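Colleague: just a sequence and a predicted model for now, questions to come.
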Amino acid sequence: MLSRVAETLYWMARYVERAENIARLVNINNMLLMDLPKGVSTGWEPLVDIIGVRKEYEETHSDFSEANCLRFFILGENNPSSILNSISYARENARTVRDVIPRGVWEGINSLYHYIKDNQNKGLSKRGRFEYLKKIIESTLLIFGALDATINHDQAYIFIRFGSIIERADMTTRILDVRSANLITSDTTERPFENIQWISVLRSISAYQMYRQQMGLRVQRADVLEFMLLSPVFPRSFLFCLQELKSLIQQIDNADSIIKLLDESADEIKNKDVRSLRNGALHDYIDELQIDLAQVHTALAEVYFLKTAEEINAE
């Protein structure tokens, strides 16, 4: 496979996964604000930090109002991770490899791009927001479902899956980092809204139902951290993502350096007492996990993509 094609497929998948993740975050935050008691609110500012676009946001906005944040997350031209930009980038990548991916996948990405553009007013309104974002989430799942069911599971598929999973792992760590920093830290049961916020953390990655199956009915900080970081069976946990990345990349030649990085990260997190992590310690540890993912991406690019070291570091 040509390096150019491998890189294009990898980024196409990352951008589709990113659009789904942003849509989930916005939808769950919207519902969280309605569930919290009067006078208690996390607002929209935490999402800016989860996505990692504070600099871009503050260049064009002076406050974190709902209207400004929603437009920035969904349509923001200067937000490289906005839903519209993410699908636009995915569409451009898909267009250049139309001979590699199934026709239905290209049509799905193209249709989703036009839906986002043509129905943007619906997405910005209180009445239409939920259905608009739900449609985006369902469309991205259909795209990945079509890829899984209709593309040859060869090298092209491996790079597609690798891109989507590394993006998924990155978003899981971002949600944990920023959401936990903005949660009330009291452990008393007299603050019921804390439980609501931890439930929203799980729902941000569609983990609530599987959490209850594996960890029990009670939702509490230590159990959520363990589940989201260490679950060996939930497909959005950090450890599961590492194991899946390894199973994919070991099917390709010259992957020893990438496998070593994945093994080191997996071994480290298995031996970490994640249940005891709080506040600054949790933030520092999440930083380490994100550095691990960045190193995996860099190693992948250096081995398989047509990138210079400077270009890789600039991403």
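Modeller: Arrived safely, thanks for sending.
Colleague: please make it C-alpha for all contacts and neighbour counts, starting now.
Modeller: Fine.
Colleague: residues in contact with stretch 234-254?
Modeller: Under the criterion CA atoms under 8 Å, 6 or more residues apart in numbering, residues 155, 158, 161-162, 165-166, 168-169, 172-173, 205, 207, 210, 227-233, 255-256, 258-259, 262-263, 265-266, 269, 303 lie in contact with stretch 234-254.
Colleague: and for stretch 255-267?
Modeller: For stretch 255-267, the external contacting residues (CA under 8 Å, 6+ apart) are 239, 242-243, 245-246, 249-250, 289, 292, 295-296, 299-300, 303.
Colleague: can you tell me which of the contacts of stretch 234-254 are in helices?
Modeller: If you go by DSSP state H, the contacts of stretch 234-254 have 155, 158, 161-162, 165-166, 168-169, 172-173, 210, 227-230, 256, 258-259, 262-263, 265-266, 269, 303 in helices.
Colleague: if we can go back for a sec, and which of the contacts of stretch 255-267 is nearest to Ser139?
Modeller: Leu245 (23.7 Å; CA to CA).
Colleague: okay, the angle between the helix or strand that contains the closest one and helix 256-270?
Modeller: Leu245 is located in helix 238-249, with elements delineated by DSSP states H and E. Here helix 238-249 points in a direction 160 degrees away from that of helix 256-270 (axes from the mean of the first three to the mean of the last three CA atoms, to 10 degrees).
Colleague: which helices and strands sit right next to the strand or helix carrying Pro46?
Modeller: In the assignment (DSSP H and E), Pro46 maps to helix 45-51. Judged by 3 or more CA pairs under 8 Å, 6 or more residues apart in numbering; DSSP states H and E, the packing partners of helix 45-51 are helix 3-35, helix 155-182.
Colleague: dump it to PDB, restricted to CA.
Modeller: In PDB, the C-alpha atoms belonging to helix 45-51 read as follows (Å, rounded to 0.1, in the frame of the first residue of the first chain):
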ATOM      1  CA  GLU A  45     -16.500  26.300  28.900                       C
ATOM      2  CA  PRO A  46     -15.200  22.800  30.000                       C
ATOM      3  CA  LEU A  47     -16.000  21.500  26.500                       C
ATOM      4  CA  VAL A  48     -13.600  24.000  25.000                       C
ATOM      5  CA  ASP A  49     -10.800  22.500  27.100                       C
ATOM      6  CA  ILE A  50     -11.900  18.900  26.500                       C
ATOM      7  CA  ILE A  51     -11.500  19.500  22.700                       C
END
